[in-house]
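can you look at this prediction? I've put the sequence above it.
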Amino acid sequence: MLRKTIGGLLASKGYAVLIKENEIWEGKLEEGAMLQFWYGSNLTLIKNKIKARSLEDRQGGHSVIFKSYIKDSSGSVTGFKYYDYSGISKSAIKGDGSLFLGANLKDIK
């Protein structure tokens, strides 16, 4: 399933390093990282819904580009800002019920 995301594809070709969800919330994403998120927090259920390709019970998700972290006064990550097709003023908040996977791009010369 990860290979079917933009980050997974880039990582499989050696152009990115995958970042797991717990690492995202530890602050390990770099600006420009590719992100995929799905509505829901159960990876098995998400995979099954994607594989079923049911028009009546679709698995929603979104591909975005990481911009920056949102932190509280103690420096803990509480969310992040991202770019998508509709602009740059979007954000995701930790614990909002979505599952996130990311990929930091490598500087390939």
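Here it is on my side, so go on.

so which residues of this protein form helices?
With DSSP state H, the ranges of helices along the chain come out as 6-12, 21-25, 43-52.

quick one: which of the ones you listed has the weakest pLDDT on average?
Sorting those by mean pLDDT places helix 43-52 lowest, at a mean of 73.

tell me which strands and helices it is in contact with?
Applying 3 or more Cβ pairs under 8 Å, 6 or more residues apart in numbering; DSSP states H and E, one finds that helix 43-52 contacts no other helix or strand. Every C-beta, even on glycine, is put in place using the N, C-alpha and C of the backbone.

against residue 99, how distant is residue 5?
11 Å (Cβ to Cβ, to the nearest Å).

kindly report the same for residue 61.
Distance, residue 61 to residue 99, by Cβ to Cβ: 9 Å.

for residue 21, same thing?
Separation of residue 21 from residue 99 (Cβ to Cβ) stands at 6 Å.

confirm for me that residue 84 is in contact with residue 61.
No: the criterion here is Cβ atoms under 8 Å, and residue 84 misses it with residue 61 at 11.9 Å.

and the lengthiest strand in the chain, which residues are buried?
The longest strand of the chain (DSSP state E) is strand 61-71. By 16 or more other Cβ atoms under 10 Å, the buried positions in strand 61-71 come out as 61, 64, 66, 67, 69.
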